[in-house]
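>>> Sequence and predicted structure, then a few things I'm wondering about:
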Amino acid sequence: MPLEYIGPLKALLLLLMAHTVSAQPMRTPSSKPFLRHVQGLHGIELNAGITAMGKSLAMDWSYYFSPCLQIKAGLGVEVDKLTDTTYRNVATQPVLAYTLFSNHSNLFFNVLGGTKLHFESYRLKKKKENDSHFNIGLVLGAEIELFLMRRLEVLLAGGSRIFFLKSPYGRLDYFLGLGFRISF
């Protein structure tokens, strides 16, 4: 793509995002409002991101107890091939999400709190055998939900994790993820 088109494409993308965030649903006498967060709403989400140790991929299920409170749980993996170590991690991260801010249309800001339980395996290049163990920790973070369509939303989440058991990689970790959720 020629470089002279990059600036106009960025401007077009910015205008599209601004329109999506500021767009209000059309109110006609026959239209009924569509509530985004309601008690009993389920969702399946797929997230990809980065952590302190590498790249992550997770699939979560969510359930709304009320318009402001939801639970999320699922399975994920983290992998990385560092210069001197091969690292793998299989985890579950059940969290509660509470909505702090919403425009009640298409934008929601949530705080996250919960736990993480994982089984990590790593191997130093100098050693032939793998070292592995379980670890458990606390998760604190935030999440932004942006509805693109009636049941499809984009999620941006980030935060920190503090582990109780020591590992060779330390007790502090972070995560930053981007994902999609389909609600039903």
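That came in fine, so what should we check first? No experiment lies behind these values; they were computed from the predicted model shown. Residues are numbered from 1 along each chain as shown.

>>> Would you mark the buried spots in stretch 47-62?
47, 49-51, 53, 56, 58, 60, 62 (16 or more other CB atoms under 10 Å). C-beta here means a position set from N, CA and C on the backbone, and glycine is covered the same way.

>>> Can I get these in TSV including distance to residue 8 and pLDDT?
Converted to TSV, the buried residues of stretch 47-62 look like this (distance: CB to CB, whole Å; pLDDT from 0 to 100):
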residue	distance to residue 8	pLDDT
47	31	93
49	30	92
50	30	90
51	35	87
53	39	78
56	34	89
58	36	93
60	37	93
62	38	93
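
>>> Inside helices: which ones of the residues you listed?
Of the buried residues of stretch 47-62, none are assigned to helices by DSSP state H.

>>> which residues does residue 94 contact?
71-73, 114-115 (CB atoms under 8 Å, 6 or more residues apart in numbering).

>>> so which of those comes closest to residue 140?
residue 114 (8.6 Å; CB to CB).

>>> what about residue 10, which helix or strand?
Using DSSP states H and E, residue 10 sits in helix 6-22.

>>> What's the mean pLDDT across that helix?
Mean pLDDT, helix 6-22: 66.

>>> which residues does residue 62 contact?
Residue 62 neighbours (CB under 8 Å, 6+ apart): 42-45, 70-72, 97, 181.
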